[in-house]
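Participant: Fold the following.
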Amino acid sequence: MSFYYLEVLFVETYKILFLIIPILTAVALIVWLDRRVWAFVQKRKGPNVVGPFGLFQSLADALKYIFKEIIIPATSNKIIFILAPIVTMTLALIAWAVIPFDENLVLADINVGILYIFAVSSLGVYGIIMGGWASNSKYPFFGSIRSAAQMVSYEVSIGVIIINVLLCVGSLNLTDIVLAQQNLWFIVPLFPMFIIFFISALAETNRPPFDLPEAEAELVAGYQTEYSGMMYAMFWLGEYANILLMCAIGSILFLGGWLSPIDIYPLNAFPGPIWLTLKIILLFVLFALVKAIVPRYRYDQLMKLGWKIFLPFSLFYVVLTSGFLLYFDLLPNK
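Facilitator: The predicted model follows:
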């Protein structure tokens, strides 16, 4: 019996590594892509020295962070200070457990996958609050308080947006959500919700123009001000892993996940993971373009947008969607 449990442990560890290693590699590559997109908008070259086309620039940065000294402020709460980046990066990675890359290619195909993602992403704010509070410095503390209010505010809108999709599917399973889009991607009937989801995802991941928690002009570097070396890099990894996660969720909810755009050869011959990866890259390029083009919001504008515009409109669209499905007798699992 003990050999059986060891075998199960080995198989599950292999599956987890098979998921985490590509994600960490993807994080390094999208940092390079992020910089290249900014450079393109600003008519610069971007990373182009370390490796072909500068592809190894992120690896060089990672090595720099690994060998840099980790400085822990004398007045900080040292245990929480050290735990904060670990919590942030861990939560960003474990949320990927339920992301389906194909119909039978998912680490944990649970029936409440969307609730699992929503719960884990909601916990992400704790890492930032812990880092800001434990630093015992005013700028990190201001940044963490901003982040808490911002992430909680836009999670409400994202939750209401997801309800629209769930009404059309009748399931909380992410694989079922993708399969329900075989005839029509949800971006078509729910296009306004896709736009609001995309903007809310920018706010949820603290990306420009909503990067108020780490506003360089006001708060030095926000909640990350007192961090250095690999601890700073773990915040950085968690942030980009969260961005990739939001792009993956957007692809699954609105762009058909691993499904090809048109069910004709040769498009439908490509494996599902390739299509999902291409859609994630497309959404990430939009993330990068927004950072390069749109100026930063004021904090009062950020809160007004979330509570006074997005939330009421999302609630209205839930009523509209449910009314439409009920009137035309299209409610699933009825």
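Participant: Mean pLDDT per helix and strand in this structure: which one sits at the bottom?
Facilitator: Least confident helix or strand of the chain, by mean pLDDT, DSSP states H and E, is helix 216-219 with a mean of 61.
Participant: distance of the closest residue to Leu315 other than its chain neighbours from Leu255?
Facilitator: Using Cβ to Cβ, 6 or more residues apart in numbering and skipping residues adjacent in sequence, the residue nearest Leu315 is Val160, 5.9 Å away. To be clear about C-beta, it is placed using only N, CA and C from the backbone, and glycine gets the same treatment. For Val160, the distance to Leu255 equals 20 Å [Cβ to Cβ, to the nearest Å].
Participant: what pLDDT does Phe313 get?
Facilitator: Per-residue pLDDT puts Phe313 at 93.
Participant: Using the three-state scheme, assign Val31.
Facilitator: helix (DSSP: H, G, I helix; E, B strand; the rest coil).
Participant: quick revisit: secondary structure element for the residue nearest to Leu315?
Facilitator: Using DSSP states H and E, Val160 falls within helix 138-169.
Participant: helices or strands up against that helix?
Facilitator: helix 113-134, helix 174-179, helix 191-204, helix 216-219, helix 229-254, helix 299-304, helix 311-327 (3 or more Cβ pairs under 8 Å, 6 or more residues apart in numbering; DSSP states H and E).
Participant: can you rerun that using 6 Å?
Facilitator: Helices and strands touching helix 138-169, by 3 or more Cβ pairs under 6 Å, 6 or more residues apart in numbering; DSSP states H and E, are helix 113-134, helix 191-204, helix 216-219, helix 311-327.
Participant: show me what contacts Phe235?
Facilitator: Taking Cβ atoms under 6 Å, 6 or more residues apart in numbering, we find Phe235 in contact with Pro85, Thr88, Gln224.
Participant: Try it again at 8 Å.
Facilitator: Phe235 sits next to Ala84, Pro85, Thr88, Met89, Gly127, Gly131, Tyr223, Gln224, Tyr227 when contact means Cβ atoms under 8 Å, 6 or more residues apart in numbering.
Participant: tell me the mean pLDDT over the helix or strand containing the second one?
Facilitator: Remark: Pro85 resides in helix 78-94, with elements defined by DSSP H and E. Mean pLDDT, helix 78-94: 89.
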